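Novice: One predicted model, sequence on top.
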Amino acid sequence: MPTKQPPQSQSTVERYRKLVVKLREQDVEVSAIKARLEERGFRGSYMAVWRFVQQLEPSKPDVTVRVETAPGEEVQVDFGYAGQMIDPASGEIRKTWAFVMTLSWSRHQYVEFVFNQQIPTWLRLHRNAFAFLGGVPQRVVIDNLKAGITQACWDDPEVQVTYRECAEHYGFLIAPCKPKTPQHKGKVEKGGVHYVKRNFLGGRDMTTITQANQDVKVWCLTTAGQRTHGTTRKQPLVQFETVEKATLQPLPDTPYDLAVWKQAKLHRDCYVVFDNAYYSAPFRLVGQPLRVRGGGQEVRLYTSDYQLVATHERATEPGQRITNPAHLPPDKLPGLVLDRAACQAVAADIGLSTTALVGRLLADPVVDRLSMVRRLLRLREQVGDERLEAACDRALRFDEVSYKTVKRILGQGLESEGEAPAVPVVPPAQRFVRGAQELLGHLWSGPSWN
């Protein structure tokens, strides 16, 4: 019988060793290396190349260095999918996410379920979490979700402008993780989100998100807070209450006013559109893009380089127009702003006689005198309130109630005199200036008219 040959111990890739080493130094992948070897006559398998590379580069042990923090120094924040819950507003079943904020020292945590991860939700969750903890840590470690980081970069991450404003309000530093390194916030990844899924959510029947949020707060203070933590070997709630809570920064006097930023163009009517309402800005900026900060109570308008140009109370209903008269062109302002009520208010500010005269003009049952009243009130810019009030008083005394009369009194300087205003006198009508006989000639046979 033929002698059985021992299995081949040398790799079919051995003859290409120098080339493989060179390509691996250039970080060329195994599949690409196999293609380069085939160009040189190699007929082996992908696994043969992979095993050869593994022999060249023995695996290194995965070493982890644990980072410990001082009490109050840091919290870690994360979102995790939490299954489906009922929306009490609509009755619909919707996807839900769990927001978890875990204190790195004590491991005490705050949990809340939400339907989205948008910017307003992200900011509201921070506000709720800090209120639950009764203070603010020095640093908040997050991953690179868009609500917090608009441009993920380890060297120079670009923070979302509203989140930056929130951090300034509460006084914490934002510490984004290196992209694709969830282990940098392992305290909230393993002991937070995963623990919530395994323990609180595990085996629960579907419920409304409102009920789930009520239950999870109790769970944070009981089951989660009073367990013996697997790493610290202590109870998170006890560690928090006895040590860490006192090291947190105090909450500001008022909660952060949840704000949303967007860019909007100032249209030719001197308004920007934000959240289906209209807000005025200085007319000199027409056509320029503005940055709009929409808070819960007010709306602020900034130039592209964040120079504040307008502040308004937030509109209470869609389509509402919020106007600062100083933002509008002066020559367009009177006809837009001075309605009947505003005219009466301006007249009252000037004096009693002006108020009475304006009241009589506006009370005309046939002709709309509003434009006349506006012109009359603008006379205060030329002559002052005292002279305009005296002119209106004189016009009333002589029962000559009109804009022309008041303007003529002021033009002739008669407002301080007791004489009647210079009103044109219409001569009495005359029947004829000649006799009837002269007018009719031979046709007249009656007595002459003298």
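Specialist: Structure's in. What do you need?
Novice: Which positions in stretch 303-320 come out as buried?
Specialist: Within stretch 303-320, the residues that qualify as buried are 309-310, 312, 314-315, counting by 16 or more other C-beta atoms under 10 Å. Every C-beta, even on glycine, is put in place using the N, C-alpha and C of the backbone.
Novice: cool, stretch 35-43 as well?
Specialist: Result for stretch 35-43 [16+ other C-beta under 10 Å]: buried residues 36-37, 42.
Novice: now the residues you listed in a markdown table, with pLDDT?
Specialist: Formatted as a markdown table, those follow (pLDDT from 0 to 100):
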| residue | pLDDT |
| --- | --- |
| 36 | 88 |
| 37 | 91 |
| 42 | 90 |
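Novice: of those residues, closest to residue 101?
Specialist: Comparing the buried residues of stretch 35-43 against residue 101 with C-beta to C-beta picks out residue 36 as the nearest, at 50.3 Å.
Novice: where does that closest one fall, phi/psi-wise?
Specialist: Dihedral angles of residue 36 (phi, psi; degrees, to the nearest 10) stand at phi -70, psi -40.
Novice: which residues sit in contact with it?
Specialist: Each residue near residue 36 by C-beta atoms under 8 Å, 6 or more residues apart in numbering is listed here: 19, 23, 28.
Novice: out of these, which are buried?
Specialist: For these, buried by 16+ other C-beta under 10 Å: residue 23.
Novice: Among the contacts of residue 36, which one sits closest to residue 217?
Specialist: residue 28 (53.6 Å).
Novice: List the contacts of the closest one.
Specialist: So residue 28 contacts residue 36 (C-beta under 8 Å, 6+ apart).
Novice: buried sites along stretch 107-115?
Specialist: Result for stretch 107-115 [16+ other C-beta under 10 Å]: buried residues 107-114.
Novice: again, but for stretch 204-221
Specialist: Quick answer for stretch 204-221 (16+ other C-beta under 10 Å): 209, 212, 216, 219-220.
Novice: For this structure, which element, helix or strand, carries the lowest mean pLDDT?
Specialist: The weakest-scoring helix or strand in the chain, judged by mean pLDDT, DSSP states H and E, is strand 149-151 (a mean of 43).
Novice: Flag the shaky bits of the chain, pLDDT-wise.
Specialist: The model of the chain has pLDDT under 70 over residues 1-9, 59-67, 144-159, 177-191, 331-337, 418-450.
Novice: Would you state the strands of it in chain order?
Specialist: With strands called from DSSP state E, the chain shows them at 74-86, 93-103, 109-114, 139-142, 149-151, 158-159, 173-176, 260-265, 271-274, 277-280, 289-294, 298-302, 308-313, 321-322.
Novice: and those strands as JSON lines, adding distance to residue 350?
Specialist: As requested, the strands of the chain are arranged in JSON lines below (distance: least, C-beta to C-beta, whole Å):
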{"stretch": "strand 74-86", "distance to residue 350": "60"}
{"stretch": "strand 93-103", "distance to residue 350": "59"}
{"stretch": "strand 109-114", "distance to residue 350": "56"}
{"stretch": "strand 139-142", "distance to residue 350": "57"}
{"stretch": "strand 149-151", "distance to residue 350": "54"}
{"stretch": "strand 158-159", "distance to residue 350": "53"}
{"stretch": "strand 173-176", "distance to residue 350": "56"}
{"stretch": "strand 260-265", "distance to residue 350": "39"}
{"stretch": "strand 271-274", "distance to residue 350": "31"}
{"stretch": "strand 277-280", "distance to residue 350": "26"}
{"stretch": "strand 289-294", "distance to residue 350": "37"}
{"stretch": "strand 298-302", "distance to residue 350": "32"}
{"stretch": "strand 308-313", "distance to residue 350": "28"}
{"stretch": "strand 321-322", "distance to residue 350": "27"}
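Novice: Domains in the protein, by residue range?
Specialist: Following the assignment in automatic domain parsing, the chain carries domains at 14-56, 74-247, 260-327, 338-411.
Novice: Now the terminal residues of the longest one, how far apart.
Specialist: End-to-end distance of domain 74-247: 11 Å, with C-alpha to C-alpha, to the nearest Å as the criterion.
Novice: Also the first one?
Specialist: Here the two ends of domain 14-56 are set 11 Å apart, with distance taken as C-alpha to C-alpha.
Novice: Reformat the buried residues of stretch 204-221 as TSV; add distance to residue 413.
Specialist: Shown next, in TSV, are these (distance: C-beta to C-beta, whole Å):
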residue	distance to residue 413
209	76
212	81
216	81
219	85
220	81
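Novice: Sort out for me which of those are in helices.
Specialist: Judged by DSSP state H, the subset of these located in helices is 209, 212, 216, 219-220.
Novice: What separation is there between the residue nearest to the spatial centre of the chain and residue 390?
Specialist: When the chain is reduced to its mean C-alpha position, the nearest residue by C-alpha atoms, centre = their mean turns out to be residue 260, at 1.9 Å. Distance from residue 260 to residue 390, counting by C-beta to C-beta, to the nearest Å: 54 Å.
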